[in-house]
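Trainee: Have a look at this prediction, sequence included:
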Amino acid sequence: MADNEKLIKKSDVILLVVVLTMALFAVVYIMSAKEKGTKLRISVDGEVMEEFYLSEDREHQITTDKGGNLVVIEDGEVDVIEADCPDKVCVNHVPVDEVGETIICLPHKLVLEIVE
Amino acid sequence: MSDNSKNKQTKRTNRDIALTGVFIALAMILSYLESLVPVGFAVPGIKLGLANLVTIVALYKLGLKDTIIISLGRILLSGVLFGNMMVIIYSLAGAGLSILVMVLVKKTKIFSAMGVSICGAISHNLGQIIVAVITLENMNIMYYMIVLAIAGAVAGTIIGVLSGMIIKNIRI
């Protein structure tokens, strides 16, 4: 570093402010998005298959040519309790109940999303 | 003529080896000192990263090759002495991404050591988060990156300004 170079440049401060502002917005966004959902949308390969209201408890078996997943709606929460996919990411996923939260089963191209 | 330049080359290398050793020792001592002062309020994984002082000074004063050797040396030695395989993998991911980003950012000449350090700190955290996402197979850990980005920006600022002072005032 040349001796005449400043210890802190204007660009450094701008960088710091931008990073902190972005992080702050991200925090605010995530906090505000935390809203209990009422409806579950089930999509396979990008196509909406079914929608269920979370107010009613139910068990729903999804079977496609790629395999099956057993979805449970209980106390307003959605969870996958059984699946014959190899990785079991969807089964291990915690139950979801907030708008925007998803449980995804990549091998079956299945997306469970709380929509509203 | 060729003999002279060869001699000069050898001299530089010896000096570099000695300097590299000193830098590795310094980095290990700083890591150790830092581990003695736990950041009480903090979330797991958040620390000042005193060892990064050494990395940044090395990057400015010794060049990329020596910086990589110093980081590798520190990580492997502290990993074997005080950590385990997982610690080494996390450290390597963090340090690797961080050095790569810092070299690129430094090349742009937009920022001083402070900006370079902030980018380095954040990418260090990002590297470790990526390892966590891969090993735990859970994308939601990415959310934690927001906290780590803030921590990285703050720690990077402190370390960056300190590094800047050191870079300005020492001759190697």
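Mentor: Done, it's in. Numbers count the residues shown, from 1 in each chain, chains lettered A, B, ... in the order given.
Trainee: Can you pull out the low-pLDDT segments for chain B?
Mentor: B:1-12, B:38-45, B:138, B:140 (pLDDT under 70).
Trainee: Please, which helix or strand holds the residue nearest to the spatial centre of it?
Mentor: Centroid check for chain B by CA atoms, centre = their mean gives B:Asn52 as the closest residue, at 3.8 Å. Per DSSP states H and E, B:Asn52 falls inside helix B:51-61.
Trainee: Which strands or helices does that helix pack on?
Mentor: Counting contacts by 3 or more CB pairs under 8 Å, 6 or more residues apart in numbering or on different chains; DSSP states H and E, helix B:51-61 is packed against helix B:2-36, helix B:64-82, helix B:85-108, helix B:113-136, helix B:144-169. The way it works is simple: take the backbone N, C-alpha and C, and place the C-beta from them, glycine included.
Trainee: just the helices in chain A please.
Mentor: Using DSSP state H, the helices of chain A run over residues A:10-33, A:89-92.
Trainee: Output the first one in PDB with nothing but the alpha carbons.
Mentor: Extracted C-alpha coordinates of helix A:10-33, given in PDB (Å, rounded to 0.1, in the frame of the first residue of the first chain):
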ATOM      1  CA  LYS A  10     -14.900   6.600   1.100                       C
ATOM      2  CA  SER A  11     -15.500   3.300  -0.800                       C
ATOM      3  CA  ASP A  12     -14.800   1.300   2.400                       C
ATOM      4  CA  VAL A  13     -17.400   3.200   4.300                       C
ATOM      5  CA  ILE A  14     -19.900   2.800   1.500                       C
ATOM      6  CA  LEU A  15     -19.300  -0.900   1.400                       C
ATOM      7  CA  LEU A  16     -19.800  -1.200   5.200                       C
ATOM      8  CA  VAL A  17     -23.000   0.800   5.000                       C
ATOM      9  CA  VAL A  18     -24.400  -1.200   2.100                       C
ATOM     10  CA  VAL A  19     -23.700  -4.500   3.700                       C
ATOM     11  CA  LEU A  20     -25.300  -3.500   7.000                       C
ATOM     12  CA  THR A  21     -28.300  -2.000   5.300                       C
ATOM     13  CA  MET A  22     -28.900  -5.100   3.200                       C
ATOM     14  CA  ALA A  23     -28.600  -7.300   6.200                       C
ATOM     15  CA  LEU A  24     -31.000  -5.100   8.100                       C
ATOM     16  CA  PHE A  25     -33.500  -5.300   5.300                       C
ATOM     17  CA  ALA A  26     -33.100  -9.000   5.100                       C
ATOM     18  CA  VAL A  27     -33.800  -9.300   8.900                       C
ATOM     19  CA  VAL A  28     -36.800  -7.000   8.700                       C
ATOM     20  CA  TYR A  29     -38.200  -8.900   5.600                       C
ATOM     21  CA  ILE A  30     -37.800 -12.300   7.300                       C
ATOM     22  CA  MET A  31     -39.400 -11.000  10.500                       C
ATOM     23  CA  SER A  32     -42.400  -9.500   8.700                       C
ATOM     24  CA  ALA A  33     -42.900 -12.600   6.500                       C
END
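Trainee: touching chain B at all, it?
Mentor: Yes: with CB under 8 Å from any CB of the partner chain as the criterion, chain B is reached by helix A:10-33 at A:Ser11, A:Asp12, A:Leu15, A:Leu16, A:Val19, A:Leu20, A:Met22, A:Ala23, A:Ala26, A:Val27, A:Ile30.
Trainee: circling back to that earlier point, run the chain-centre distance for the helix holding B:Asn52.
Mentor: Offset of helix B:51-61 from its chain centre (CA atoms, centre = their mean, to the nearest Å): 7 Å.
Trainee: need the residues of chain A near chain B, please.
Mentor: When proximity is defined as CB under 8 Å from any CB, chain A approaches chain B at A:1, A:3, A:5-9, A:11-12, A:15-16, A:19-20, A:22-23, A:26-27, A:30, A:87, A:89.
Trainee: Mind giving me the PyMOL select for the residues you listed, buried ones only?
Mentor: Remark: buried members of those, expressed as a PyMOL selection using 16 or more other CB atoms under 10 Å in any protein chain shown:
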select buried, chain A and resi 7+8+9+12+15+16+19+23+26+89
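Trainee: of all of chain A, which residue lies closest to chain B?
Mentor: Chain B sits closest to A:Asp12 of chain A, with a gap of 4.1 Å, by CB to the nearest CB.
Trainee: what sits against that residue?
Mentor: Applying CB atoms under 8 Å, 6 or more residues apart in numbering or on different chains to A:Asp12 gives the contacts B:Phe111, B:Ser112, B:Met114, B:Gly115, B:Ile118, B:Gly160.
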